[in-house]
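[1] just to be clear, the model below is a prediction. Sequence and coordinates:
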Amino acid sequence: MKTLSAITVLFTAMAAFESCSDVRRSPGLDYMPDMRYSRAYETYAPHDNLKARGINYTGLPVAGTVKRNEAFPFSLPKDKEGDSTNYILAKQVTNPLPQLDTAQTVETERLYLINCGICHGTNLDGNGPLFNGGNGPYPAAPRNLAGDPYVKNLADGQIFYSVTYGKGSMGAYGSQLTTSQRWRLVHYIRAKQGAGATAPAEGTKVITSGAGNAAGSDSAGAKK
């Protein structure tokens, strides 16, 4: 009995001595490794090294997905440099959203002033702060969206294309504004022009903004 007790004490002492060693022989188990080894990223931190670190991040939504309560994406991709095929095809694309109500008009005007007013002006006359009657940094006035016959004769789809992908010296706003917001901007511009949307030429096939949505309207809960 004394021998068994001595052996027990010896093994206990050895175990205690071994546990006090600073040599880590096993990493142990992490119940929630994502919390211990956080992959959180600071806002505005450079992200050009993410791929080298095994982190797959593009900043873009998964291809083919549609945000809940959002209209289907634009069906025409951006033209390649020197090509205008899809811009011409955009003549056949109709605005899938109904005319703006009062609340939508107020919100769309706010979005216009934030994203477009700096160039095209508060009154859509092309005299925004960047031109300012020739006293701004831009040497040439942006398009007069309300009064220029060229803009009035553009189809809704072509205006939407320009807002989405940019046109000439105008930048793209497809990442800043949702599909519905861009279509509502088209309605807002038309209202300021004092005319309805330009209809497609007679006999042309009308392309809606999303296949599978016959009316092309916002689809609550619809996803692809």
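    Structure received.
[2] tell me how many other residues surround the residue lying closest to Pro61 once chain neighbours are set aside.
    Distances taken as C-beta to C-beta, 6 or more residues apart in numbering place Lys67 nearest to Pro61, at 7.6 Å, with adjacent residues excluded. Where you see a C-beta, it was placed from the backbone N, CA and C, and this is true even at glycine. By the criterion of other C-beta atoms under 10 Å, Lys67 has 13 neighbours.
[3] what is the burial count for Val186?
    Neighbour count of Val186, defined by other C-beta under 10 Å: 22.
[4] list the contacts of it.
    Counting by C-beta atoms under 8 Å, 6 or more residues apart in numbering, Val186 touches Asn95, Asp156, Ile159, Phe160, Val163, Ala197.
[5] wait, a helix at it?
    Yes - assigned with DSSP: H, G, I helix; E, B strand; the rest coil, Val186 falls within a helix.
[6] do you know how far it is from Gln99?
    11 Å (C-beta to C-beta, to the nearest Å).
[7] sorry, back to before: quick one: which two of the contacts of Val186 are the most distant?
    Spanning the widest gap among those are Val163 and Ala197, at 14.4 Å by C-beta to C-beta.
[8] so these two - more neighbours on which side?
    Val163 (25 against 17).
[9] the more buried one: which element?
    In the assignment (DSSP states H and E), Val163 maps to helix 156-165.
[10] all helices in this structure, in order from the N-terminus.
    2-19, 33-36, 85-89, 102-115, 117-120, 149-152, 156-165, 179-193 (DSSP state H).
[11] return the distance of the fourth one from the chain's centre.
    This means helix 102-115. Centroid separation between helix 102-115 and its chain, computed with C-alpha atoms, centre = their mean, to the nearest Å, is 18 Å.
[12] could you list every helix and strand in contact with it?
    Applying 3 or more C-beta pairs under 8 Å, 6 or more residues apart in numbering; DSSP states H and E, we find helix 102-115 packed against helix 179-193.
[13] and if we set it to 10 Å?
    Helix 102-115 is packed against helix 117-120, helix 179-193, with contacts defined by 3 or more C-beta pairs under 10 Å, 6 or more residues apart in numbering; DSSP states H and E.
[14] mind checking which of those helices is nearest Tyr150?
    Of these, nearest to Tyr150 by C-beta to C-beta is helix 179-193, at 11.7 Å.
[15] avg pLDDT for that closest one?
    Taken as a whole, helix 179-193 has a mean pLDDT of 96.
[16] quick one: that helix to chain centroid distance?
    On C-alpha atoms, centre = their mean, the centre of helix 179-193 falls 18 Å from the chain's centre.
[17] can you give me the end-to-end span of stretch 141-160?
    One end of stretch 141-160 to the other measures 21 Å (C-alpha to C-alpha, to the nearest Å).
[18] give the buried residues for it.
    Neighbour counts using 16 or more other C-beta atoms under 10 Å place 141-146, 148, 151-152, 154-160 of stretch 141-160 among the buried residues.
[19] the closest residue to Pro77 other than its chain neighbours: how many residues sit nearby?
    In this structure, Pro77 finds its nearest non-sequential neighbour in Asn86, 6.3 Å apart by C-beta to C-beta, 6+ apart. With neighbours defined by other C-beta under 10 Å, the count for Asn86 comes to 18.
[20] before we move on, the earlier item: most packed of the helices of the chain?
    Of all the helices of the chain, helix 156-165 carries the top mean neighbour count, a mean of 24, counting by mean count of other C-beta atoms under 10 Å.
[21] good, we can wrap up now.
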